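Colleague: Sequence plus predicted model, see below.
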Amino acid sequence: MDSQQVAFFIDRYSCMSDEELSYLMVTRGEGLSAEARHALQKVLRSRDPELLHREIAATAADISAQVAYAQQEAERHARQRRRTRTALRIACVALIGIGLLTSVASSQETGLTMTAGGVAMFLYFEARHVLRRFIAALFRMG
């Protein structure tokens, strides 16, 4: 163990508040080097254990609340994206239907143009969705 690094970390951690130390322990405690962990333990021994324990519990609760909020936001965004895709699908199907009805009822050229536009929009949105999912899957694999 490098004593210079331990001394550096002791100096650094000694200047930190209990809140900062608890945040360090909760978020990065497992990823600290051996020297940093040793220095942190030394500094923590000089602090009020009850106060530090409460601070760690509060920090862990705060981080858990932030994670829960982020998950709720991600779910909300996913629901919104699904609703938007459903609305776009309905609009495309409606355009196709109106185009077919127009083609049969009156102007075949206008109806076919509307139908082709609805099919093109539908294919565009579906292809874009599939491509995004494919790219996301590629990045998840790596």
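Modeller: Received it, and whenever you're ready, just let me know what you need. Residues are numbered from 1 along each chain as shown.

Colleague: element containing Gly118?
Modeller: Following DSSP states H and E, the helix or strand that holds Gly118 is helix 108-141.

Colleague: Tally up the residues packed near Ser106, please.
Modeller: For Ser106, the neighbour count with other C-beta atoms under 10 Å is 9. C-beta: built from backbone N, CA, C; applies to glycine.

Colleague: Which stretches in the protein count as helices?
Modeller: 3-14, 18-28, 34-45, 49-105, 108-141 (DSSP state H).

Colleague: what helices or strands is the first one leaning on?
Modeller: When you say that, I think you mean helix 3-14. Under the contact definition 3 or more C-beta pairs under 8 Å, 6 or more residues apart in numbering; DSSP states H and E, helix 3-14 sits against helix 34-45.

Colleague: What is the helix it packs on packed up against?
Modeller: Contact partners of helix 34-45 among helices and strands, from 3+ C-beta pairs under 8 Å, 6+ apart: helix 3-14, helix 18-28.

Colleague: Point out the most buried one among those.
Modeller: Highest mean neighbour count of the helices and strands packed on helix 34-45: helix 18-28, a mean of 16 (counted as mean count of other C-beta atoms under 10 Å).

Colleague: Residues touching that helix, excluding its own?
Modeller: Among residues not part of helix 18-28, those counted as contacts by C-beta atoms under 8 Å, 6 or more residues apart in numbering are 13, 16, 40, 43-44, 47-48, 51-52, 55-56, 58-60, 63.
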